[in-house]
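# Quick one, what's the 3D model for this:
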Amino acid sequence: MNNIRWKRFLLGMAFLFTAVADSYGQETVVKGRVIDSLTGLPIAQASVYFKGGRGRSTDSLGNFMIIYSGNSNKLIVSSVGYRQLQFTIKKGSVEDLTIKMGPDPALITNVTVSTNKRAKYTNRNNPAVELIRKVIEHRDENRTTSYDYVEYEQYEKIQAALSNSTEKLANSKLMKKYSFIFDNRDTTKMEGKSLLPIYLEERLSQQYMRKSPEATKSIILGEKKVNFGSYVDNDGLSTLLNRLYENIDIYQNDIPVFTFQFLSPIANSAPTFYMFYIRDTITDEYGTKLVKMYFTPRNTNDLLFRGNMYITLDGNYGVQKINMFLSKNANINWVKEMHIDLDFERGEDKRYHLKKSTLMADMGLSKNKNSGGFFGERTVSYKNFTINSPRPDSIYTGSAVVKKDFVDKLPDTFWIAKRHDQLSLTEAKVYTNIDSLEKMPSFRRTMAVATLLFAGYGNLGKFEVGPVNTFYSFNPVEGFRLRVGGRTTPALSKRLYFETYGAYGFKDEKWKYFISSTYSLNNKSIYTFPMNFIRISAQSDTKIPGQDLEFIQEDNFLLSFKRGNNDRWLYNDIYKLEFVKEFKSKLSYTLGLKNWRQQPAGGLSYTKTDNGFPETIPQLTTTELNAQIRWAPKEQYYQGKIYRIPIFNKYPIMTLNYAAGIKGLLGGQYNYHQLDLKVDKRFYLSRLGYADAAMEAGYTFGQVPFPLMTIHRANQTYAYQLNSYNLMNFLEFVSDRYASFTWVHHFMGIGFNRIPLFKKLKLREVASFKILYGGVRPENNPVNNPSLFQYPKINGTTSTFALESGKPYMEGSVGIENILKLIRVDFVKRFSYLDHPEISPYGIRTRFRFDF
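Predicted coordinates for the structure are as follows:
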C-alpha cells in the first residue's frame, strides 16, 4: 500500500514539474501600442510588464514588445496620471495589442488652480539641476571610450519612404502601372502617417576599439541596399542618408543631426539652455532605481531637444533610456517631426551601454503633419558587448574599415540569421518592389526626364547631352552664345570616356570647342570615388581672367548679368594631359602637362615697351608641368553628374599645387615656378552656429608678366561667391606672393530667435570677413621694368594693381539667410582701396541654397 502511494506521489510530482517546466519553456510575445483613450496620442515611457516579472517602457511613439518565459499570465500597464490596467494573456501566445489608457479618477477629482503666468524657473536650489550636474560630472566615465578595449556586433538599418501620399495620386492613370508600389504601405511606424517605403539599406559589422594607443577597426560582414540603377548614384545616396541620419551619442556635447549640431541635454552647458524637471522614480528590470527627468528648451526656437530621460541612482549617474524629439518651433527647415529613442542595457561592470538607437524624421515642404513628405529612419542595434578583452595588435593594423569579400552579394539566409530584428513584411518588399520598378521602361523614361531637369543631362543610352544650362548665354565679347555638347556613359565603355562641346558667338563670329578622352585605370566610372584615370583634352574658348565659379559652368545663363566693366576677356587654346589618382584614405594626387596660348580680347590688350617704343603682344604661350596633392580626411560628398557636392564635416581639407613653366618646350616663353597652399575647415561652435574658414598662400618664383602671376578671384556678378572677393573687379589685383584668410559665420538664428517676427519667419544671421595680403616684387613690377607687360587700363586709367605692402584688401558682409528657406541676401562692404577706378564700395548680393 505504501509503495502504491509512493508511486502515485512520484507520478504527481513528475506531472507537476513537467507542467511547470512546460509553462516556463513557452515564450509569450506581446507587442503593441499604448495610447491616450481621449486624444489617441501615444503615451511614452508607460511601464508594461508581467506581474512579478521584468518589463519594458514604451518608446516616444508608445510602442513596446515583451518576450516573456515566466509563469505569470497577468500583463500590467501603468503610467503616471493614468489608471493602471491589467490583462490576461494566454501563455505561449503572440499578441498584438492597442492599449487605451484613461486618466486616473483621483486626478480628475482634484481641484487645480492655475494662472496664465508661468512659475519662474531657476537653477538655484533645484534638485533636478543638481542631478543633471551629477550626470554631466560622470559623463566621461559612462562613455564607451572610457574602457581600455571594447568590441561588439553592430547592425544598422536605414529606411526612406514617402509619407502621406494621396489616394488620388495612387489611383491616377499615370500611376496605375505602379500599383504594386502603392499597395505596400506602413501605417504603424509613426502616428497618423501612411508611409510608402522606397529605400532600404542594411549593414552588419564587427566593431573593435582600443583606448591606448587609440585605434578603431570596423569589419563589414554584410551590406545590402536598394538599387535604383544608373539614373541614381546609389553610393552617393547612401552617403547622403548616412550623413543626415548619423549615430546618436547622448554623451557628446553636440549631437549631429541633419548637418547641424544640437546641444545634448547632458552637455556641459545644458543647464544654461535647458530646463529640467523630476517627474517620477521607478525601478528597472535589474533592480536599479531610476529618476525620470523631463527636459525642455528655455527658447523653443533654438536647436535643442525636448523629452524624457531615465537616470540611474547607482552612483554611476548614467542614462538608462532617453526619448526626445524636436520642438515644432525649432529653427530648422523642412523637418515636420523628429523622434530619437535610445535604449541602454546594463553590462557586466554594472554600467549601462547603448543597446539600440532609433532616429525617425518626417520632412516636407509644409509643416502640416497631414501633408505629403519624405520619411527617414535609422536604427542601430548592438550585440555581444564585450569590455576590456585585449586583442592582438594585428586586429588594428591596416585600414580602419575593412570589407569582407562579396559583402553585398550575400544570400537571404545570411540576413535572416544575422539581423538583430527581422524586417516587417512592408520592409521586406522594398527590395523586390524597387528592383521591379527599375526594370520598367516607363520608369526609366521618367528618370531620364528627371535627370535632364535636375542634373542638366539628357540620357540617350551611350551618350548624354548637356548640361542644358549652358546652351544659351551672352557676354560683351561673344554677344549671344549658343553651345551644345555631351559625353559618353559607361554603357559605351567602362574604360574609355569622351566629352565634347561646340559653341558659337554671334558677335565675334568665332567657333569654340572642347574635346577630351579619358581612360579609366581602375575599370570604374571616372566620375566616382576613387578616381584613377588618364585624360587628354583640347579646348579653345573664352574666359574672364580672375573669375572663379563654384560648381557652375562659366557660360551659365544666369551669370551672364554682371555689374560694371567686364569686357576684358581672353581667347584660350589649352592642351592638357592629366593623371589622377585617389586613395581610399582620401589622399589624392594629380600630375599633368599643360600648354596654354592666351590671346587678349575685348578691352584687354598686352603691351610692353621695347627699345623705347610701345609694342602690342598678340598672344602669350606657356608650357607647364604641374602637380597637386590633396588630403581631405573622412571627406563625404554626393556624387553628381558633373561635379561632387561636398557634405561638410569637421575635418580640414588641404590642397597643395605646384607648377613649373618651361621655356622652349612646345613654344613656352617663360621659366617660372608657382606654389599654392590652401586649407579649408568647418568649425562647429555649438550654440554659436558654425563657421567656414579658409587660409591660402602662394608664391611665384622667377620673372614673369602679370598674366602669369596670381590674378585674384573677383566677382562682378550679383550672386554671392564664397571663394571670391565679391566687390573686387575682374583683373583688379595681381600678386607674385600672397596670403589670405576668409571667415564666414552662420549664427543659426541665435539672435533672431529672440525677435518675434524674425523668430516666426525663422530667419538666420550670417556674417563674413575676407582679408588678402600680397604684393609684386620689383623684378615683376612693370613700373620698374618697361619690358614687362604693362598693367591694363580702362579709358586711359590703370585698372590693375599690385597690393601695397602692409595694406591688405578687405571686405566684409552681414546678411540674412533662410529667407523663404532658400535665399540668402548679404550687404557687402569694401574697406580698402576705395580710390580705385570703377569700383563699388558696397553692394547687395544674393545666393540660393537648399539647406536644413
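# and the closest residue to residue 822 other than its chain neighbours, bridged to which residues?
Excluding the flanking residues, the one nearest residue 822 by CB to CB, 6 or more residues apart in numbering is residue 848, at 5.7 Å. Bear in mind the C-beta positions are built from the backbone N, C-alpha and C, glycine included. According to DSSP bridges, the residues that bridge with residue 848 are residue 823.
# got a list of what residue 848 touches?
Neighbouring residues of residue 848 by CB atoms under 8 Å, 6 or more residues apart in numbering: 822, 823, 824.
# next one: residue 662
623, 624, 625, 668, 671.
# Just the buried subset of these, please.
Neighbour counting with 16 or more other CB atoms under 10 Å marks 623, 624, 668, 671 as buried within the contacts of residue 662.
# Each with direction, which strands does whatever helix or strand the first one lives in pair with?
Here residue 623, judged by DSSP states H and E, is contained in strand 620-631. In the sheet containing strand 620-631, its partner strands are strand 587-602 (antiparallel), strand 653-661 (antiparallel), by DSSP bridges.
# Can I get the contacts of residue 662 in JSON lines including pLDDT and distance to residue 49?
Below are those laid out as JSON lines (pLDDT from 0 to 100; distance: CB to CB, whole Å):
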{"residue": "623", "pLDDT": "98", "distance to residue 49": "80"}
{"residue": "624", "pLDDT": "97", "distance to residue 49": "75"}
{"residue": "625", "pLDDT": "98", "distance to residue 49": "74"}
{"residue": "668", "pLDDT": "96", "distance to residue 49": "82"}
{"residue": "671", "pLDDT": "97", "distance to residue 49": "83"}
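# for these, which one is nearest residue 756?
residue 624 (58.2 Å; CB to CB).
# Bridged to the closest one, which residues?
residue 594, residue 661.
# wait, isn't it in contact with residue 591?
No: taking contacts as CB atoms under 8 Å, residue 624 lies outside contact range of residue 591: 11.5 Å.
# Nearest to residue 682 among the contacts of residue 662?
Lowest distance from residue 682 to the contacts of residue 662 (CB to CB) belongs to residue 624, with 31.9 Å.
# if I look at residue 395, how far off is residue 247?
Look at residue 395 and residue 247: by CB to CB, to the nearest Å, they are 22 Å apart.
# quick one: contacts for residue 802?
733, 734, 735, 774, 775, 776, 781.
# err, residue 541, not the other one
Here residue 541 is in contact with 503, 512, 513, 514, 571, 572 (CB under 8 Å, 6+ apart).
# Of those, just say which sits nearest to residue 405.
Nearest to residue 405, judged by CB to CB, of the contacts of residue 541 is residue 514 at 41.2 Å.
# which SSE is that closest one in?
For residue 514, the host element (DSSP H and E) is strand 510-520.
# List the pairing partners of that strand within its sheet, with orientation.
Paired strands of strand 510-520, with direction, are strand 496-505 (antiparallel), strand 532-543 (antiparallel) (DSSP bridges).
# Off-centre distance for the first one?
The gap between the average C-alpha position of strand 496-505 and the chain average comes to 33 Å, counting by CA atoms, centre = their mean, to the nearest Å.
# what's in contact with it?
Applying CB under 8 Å, 6+ apart, the external contacts of strand 496-505 come out as 470, 477-488, 510-520, 526, 541-542, 555.
# Buried ones among those?
470, 477-478, 481, 483, 485-488, 510, 512, 514, 516, 518, 520, 526, 541-542, 555.
# Distance to residue 699 and mean pLDDT for the strands paired with strand 510-520 - can I get that in TSV?
Output for the strands paired with strand 510-520, formatted as TSV (distance: least, CB to CB, whole Å; pLDDT from 0 to 100):
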stretch	distance to residue 699	mean pLDDT
strand 496-505	34	95
strand 532-543	24	95
